[in-house]
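Undergrad: I'd like to go over a predicted model; first the sequence, then the structure.
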Amino acid sequence: MQSIDASFESEAMPHMNDVFRVAMRMLRDQAKASDAVQETYMVAWKSFHRYERGTNCRAWLFQILFNVVRHERRNWFKWLTGAKEDLADTAVLTAPEQVPDTLQDKAILAALDEIPPQFRAVVLLVDVEELSYKETSAILEVPIGTVMSRLSRGRMLLRERLVGVARSYGLAAVEA
C-alpha cells in the first residue's frame, strides 16, 4: 500500500501546471495565482485522507482552487468596500499578466480575460480543461443547467470578441 505522501505526489502533483494555468486565467495576476495554487495544494494535502482514490483528482483540485479563489475574493472585497455582502462574482481589477500555456494566441487569451468571471470559469473548465458538465457543476457549486447556460453565453461573448482574429486568419464570419 502506498503512503499518503507517495499517493499525494503521484495523484495531485502532476496537475499543478493545470491548476496554475486556471488560477492565472481567473485571477489575472501571477503572484495571486501562485498564492492560490499554494493554498490549494495546502488544503488538498491536509484533506487528502478524504480524497477518493480512483476519482478525478484534477477536478477535485479545481474544486479546491475555486473555493480558495471565492474565499479570497470575498475577503478582498469586504476589505475594499467595508461591506459584508458576497461580491465574489465581481471582476478583479488587476491587469492581466500573460503566462505561457497551451493557448498561445494572445488575442484569444485577451478575449478570454475580457469575459465576466462566471462565464470565464465555465469556459476554462469545460473547453480548456475538458471537464464534464457534471464535474464543472460540482466544482462551481451550480446546477448543470447553469453550467450549460454560462458556457453558451461565454462562448457567444468569446465569438463576439474574436471576429477580428478570425478575419486575420482568413475566416469569414457566418451570418446567423
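TA: Perfect, thanks for sending it.
Undergrad: Report the separation between the spatially closest residue to Phe48 that is not a sequence neighbour and Tyr51.
TA: Spatially, and ignoring its direct neighbours in sequence, Phe48 is nearest to Phe8 (5.1 Å; C-beta to C-beta, 6 or more residues apart in numbering). All C-beta atoms are positioned from the backbone trio N, CA, C, and that covers glycine. Taking C-beta to C-beta, to the nearest Å as the measure, Phe8 falls 9 Å from Tyr51.
Undergrad: and what of Glu11?
TA: Distance from Glu11 to Tyr51, by C-beta to C-beta: 8 Å.
Undergrad: if I look at the two, which residues touch both of them?
TA: Residues touching both Glu11 and Tyr51 (C-beta atoms under 8 Å, 6 or more residues apart in numbering): Cys57.
Undergrad: who's more crowded, those two?
TA: Legend: neighbour count by other C-beta atoms under 10 Å for Glu11 and Tyr51, higher for Glu11 (20 against 17).
Undergrad: Is Thr55 in a helix, a strand, or coil?
TA: Under DSSP: H, G, I helix; E, B strand; the rest coil, the three-state class of Thr55 is coil.
Undergrad: Torsion angles phi and psi at it?
TA: Main-chain torsions, Thr55, degrees, to the nearest 10: phi -90, psi -180.
Undergrad: I'd like the distance between it and Pro143.
TA: 21 Å.
Undergrad: Overlap in contacts, Phe8 and Tyr51.
TA: Joint contacts of Phe8 and Tyr51 (C-beta under 8 Å, 6+ apart) are Ala44.
Undergrad: Could I get the buried residue list for the helix or strand bottoming out on mean pLDDT in the chain?
TA: Ranked by mean pLDDT, DSSP states H and E, the helix or strand of the chain with the weakest confidence is helix 163-168, at a mean of 72. Within helix 163-168, the residues scored as buried using 16 or more other C-beta atoms under 10 Å are Val165.
Undergrad: which strands and helices sit next to that helix?
TA: Judged by 3 or more C-beta pairs under 8 Å, 6 or more residues apart in numbering; DSSP states H and E, helix 163-168 is in contact with helix 106-114.
Undergrad: Dump the helix it packs on to CSV, restricted to CA.
TA: C-alpha atoms of helix 106-114 as CSV (Å, rounded to 0.1, in the frame of the first residue of the first chain):
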residue,chain,number,x,y,z
LYS,A,106,-2.6,36.5,-27.3
ALA,A,107,-5.8,37.7,-28.9
ILE,A,108,-7.7,34.6,-27.8
LEU,A,109,-6.3,34.9,-24.3
ALA,A,110,-7.1,38.6,-24.1
ALA,A,111,-10.7,37.8,-25.3
LEU,A,112,-11.0,35.1,-22.6
ASP,A,113,-9.7,37.6,-20.0
GLU,A,114,-12.4,40.1,-21.1
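Undergrad: Thank you kindly, that will do.
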